[in-house]
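In: need coordinates for the below:
(one chain, ligands or ions: 1)
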Amino acid sequence: MANIESALVLQTNDLDAFWLPFTPNRAFKRAPRLIAAARGMYYFTPDGRAVVDGLAGLWCSNAGHNRDTIVAAIQQQAAELDYAAAFHFAHAKSFELASRIAALAPGDLNRVFFCNSGSEAVDTALKIALAYHNIRGEGGRTRLIGRERGYHGVGFGGISVGGIVNNRKFFGTLLAGVDHLPATYNREQQAFTKGEPQWGGHLADELERIVALHGASTIAAVIVEPMAGSTGVLPPPQGYLQRLRAICDRHGILLIFDEVITGFGRLGHAFAAERYGVTPDLLCFAKGVNSGSVPMGGVIARESVYEAFMHGPEHVIELFHGYTYSAHPLACAAGLAALDLYRDEGLFDRAKRIEPLFAEAAMKLKGLPGVLDVRTVGIAAGIDLAPRPGAPGERGYEAMDRAFHDEDLVIRIAGDTLAIAPPLIVSEAEIGEIFEKVASVIRAVA
Ligand SMILES: Cc1ncc(COP(=O)(O)O)c(C=O)c1O
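Out: Predicted structure coming up:
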C-alpha cells in the first residue's frame, strides 16, 4: 500500500492544459473526477475515498487493478529491455504472447499482428482485409460494411464503419464506399432480456440486401462487435452472428469481429467468437489483453489470410503496415502476466459462472423511475434511462457524476444509457453493492 499512499498526496493544481478525450472539458474542470491510485476492484481519489470500479477501467482492467504480478512484470521488463526496434527486429516476449493469444483463439485464428489500441486494431484489420483481396487478384473488393450503433474506435477507418453519428458528422467525408447494416436493437421486441434476445436474428439477412445492391465482387469485409459495448451493451440476437458468417462465406466476404471489449473474458470466454461458435476471418483485440495496464491492441488472422501474403521474394515486406510500438516489450510482458492471471484464477470461467447472478442483480433495476430497459450479457449490463425532455444525455451525465461523487462508484455512460462492466474478479457481494449504488443514482436523477 506504500505507493498508493504516496500517490494520494499528489495534487493536480492546474487543469487548463490537458484537453480530455471524449469528455465535456468545461464541466469536468469545474468539478473534476480525479483518480490517484487503484487496487483490485477499487480506485482511490486524491482525498483518499475508495471508489468501486464498475467499469473495469474502460472495459479493460479485467483482472482488476494493479495486480502484483502484472506490476512486477512491467517493472522487470522496463529494467531489462525498454524497447526493441519493431521493424526488421523482434524480442522473445512478442512471439510468446502471440502464441499464447493464438492458443486462446478458436479455429485457425492463429497469426497475431500487434498494435497499440483498439482503434489501431480496427484500422489494421480493415487494411489487412483490403490488401488480402488485392494480392489475390480481387482488388475490386474495396467496400467495407459496418453497422449502425457500432463503435470501432476513432481512426478514419473505424469512424467510417462505425455507426455513431457524433463520431462521424464532424469529420468530413470519411472513407468512401462504406455501407452499414441496421442496428440489432429493438426495444419493443427485446426490452429486459438477459443474454441474447430471441428477436432479431433475421437482421443479418440485410447483408444479402447490401450484397445485392453493390455486388459481392465489390465488398471486402464486414465488421461487427459481437456485442456492441459502447452504444450501451447490445447483445447479438440469437442466430445473428451465425447468419452473418454464412452470408460472408457465400460471397467471399471477410468477416471481422471487433472484440476489443468482448475479448479476454467479458462474455465468459476468451473471445465471444467461442461463445457464439462463430470463427471470424480477422479478430480485433486490445484492452483486456494485458488487463489495461499498458497500451496494446492487435488483430488475430486466420492462417489462410496470413498465408495469402507469404509470397514473392523473401526480402520484400509482405504487408506494408506496422507501428513503432507494435509488440512493445512492456505491453508484451504485461500481457503474459495478465494471461497467467486469467488462467490461474480461472477468470473467464468465473465470468461465465457469475453471469446469471450478475444478470439477476441488474434486472432488479426494472421498475425504478425512468428505466426503459436493462440488458445483460456476460459481465456487462446496459441500462436505458428516459431522456429529460429537450435535454438528451443530461440525466445520464448527472447519473455518472452522482455515482462518482455521492455513491463512490465509477460507471460509463452513452447518452442516457448507463453501462456496468466491473473487473471479472468482482465478488457476489460487490455485484449486489454495485447495483444498489446504481439504483440509488437512478432514484436521485429521476
Ligand atoms: C469495440 C471497440 N473497438 C474499438 C475501440 C477503440 O479502442 P481504443 O480506445 O483503444 O482505440 C473500442 C473502445 O472502447 C471498442 O469498444
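
In: contact residues of this structure facing the ligand?
Out: 117-119, 122, 151-153, 225, 229-230, 258, 260-261, 286 (Cβ under 6 Å from any ligand atom). Heads up, the C-betas are built off the backbone N, CA and C, glycines and all.

In: same thing but at 8 Å, please
Out: With Cβ under 8 Å from any ligand atom as the criterion, the chain meets the ligand at residues 58-59, 117-122, 150-155, 158, 225, 228-230, 258-262, 284, 286-287, 295, 297.

In: just the buried ones from these?
Out: The neighbour-count criterion (16 or more other Cβ atoms under 10 Å) marks 59, 117-122, 150-155, 158, 225, 228-230, 258-262, 284, 286-287, 295, 297 among the residues of the chain next to the ligand as buried.

In: count of residues packed around Leu15?
Out: For Leu15, the number of neighbouring residues by other Cβ atoms under 10 Å comes to 13.

In: what distance do you get for the closest residue to it other than its chain neighbours to Ala399?
Out: Leaving aside its sequence neighbours, Leu15 sits nearest to Lys29 (Cβ to Cβ, 6 or more residues apart in numbering; 4.6 Å). Lys29 is 20 Å from Ala399, where distance means Cβ to Cβ, to the nearest Å.

In: just the CA coordinates for stretch 379-386, please, in PDB.
Out: Presented in PDB, the C-alpha positions along stretch 379-386 are these (Å, rounded to 0.1, in the frame of the first residue of the first chain):
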ATOM      1  CA  ILE A 379     -20.400  -9.400 -17.100                       C
ATOM      2  CA  ALA A 380     -21.900  -6.400 -18.800                       C
ATOM      3  CA  ALA A 381     -25.100  -4.500 -18.300                       C
ATOM      4  CA  GLY A 382     -26.700  -1.600 -20.200                       C
ATOM      5  CA  ILE A 383     -29.500   0.400 -18.600                       C
ATOM      6  CA  ASP A 384     -31.500   2.900 -20.700                       C
ATOM      7  CA  LEU A 385     -32.900   5.900 -18.800                       C
ATOM      8  CA  ALA A 386     -35.600   8.100 -20.300                       C
END
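
In: check which residues of that stretch are buried.
Out: Buried, per 16+ other Cβ under 10 Å, within stretch 379-386: Ile379, Ala380, Ala381, Gly382, Ile383, Asp384, Leu385.

In: one more: stretch 43-52?
Out: In stretch 43-52, the ones that count as buried by 16+ other Cβ under 10 Å are Tyr43, Phe44, Thr45, Pro46, Val51, Val52.

In: how about a markdown table for those residues, with distance to Leu97 added?
Out: Shown next, in a markdown table, are the buried residues of stretch 43-52 (distance: Cβ to Cβ, whole Å):
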| residue | distance to Leu97 |
| --- | --- |
| Tyr43 | 27 |
| Phe44 | 30 |
| Thr45 | 34 |
| Pro46 | 34 |
| Val51 | 31 |
| Val52 | 30 |
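
In: quick check: strands, which of those residues are part of them?
Out: Tyr43, Phe44, Val51, Val52 (DSSP state E).

In: surely the last one and Asp408 touch.
Out: Which is Val52. Yes. Using Cβ atoms under 8 Å, Val52 is in contact with Asp408, at 6.2 Å.

In: overlap in contacts of the two?
Out: Lys437 (Cβ atoms under 8 Å, 6 or more residues apart in numbering).

In: how about the contacts made by the residue of the chain found nearest the ligand?
Out: Nearest residue of the chain to the ligand, counting by Cβ to the nearest ligand atom: Gly118, 2.2 Å away. Applying Cβ under 8 Å, 6+ apart to Gly118 gives the contacts His152, Gly153, Asp258, Val260, Cys284, Ala286, Lys287, Gly297.

In: the second one touches Ser119, doesn't it?
Out: Just to be clear, that refers to Gly153. Yes. Gly153 is in contact with Ser119 according to Cβ under 8 Å; the separation is 2.9 Å.

In: what segments of the stretch 301-446 of the chain are helices?
Out: For the stretch 301-446 of the chain, the helices identified by DSSP state H, counting those that start in this stretch occupy 303-309, 329-344, 347-363, 394-407, 428-444, in order along the chain.

In: please identify the most buried of these.
Out: Greatest average neighbour count among those goes to helix 329-344 (a mean of 22), per mean count of other Cβ atoms under 10 Å.
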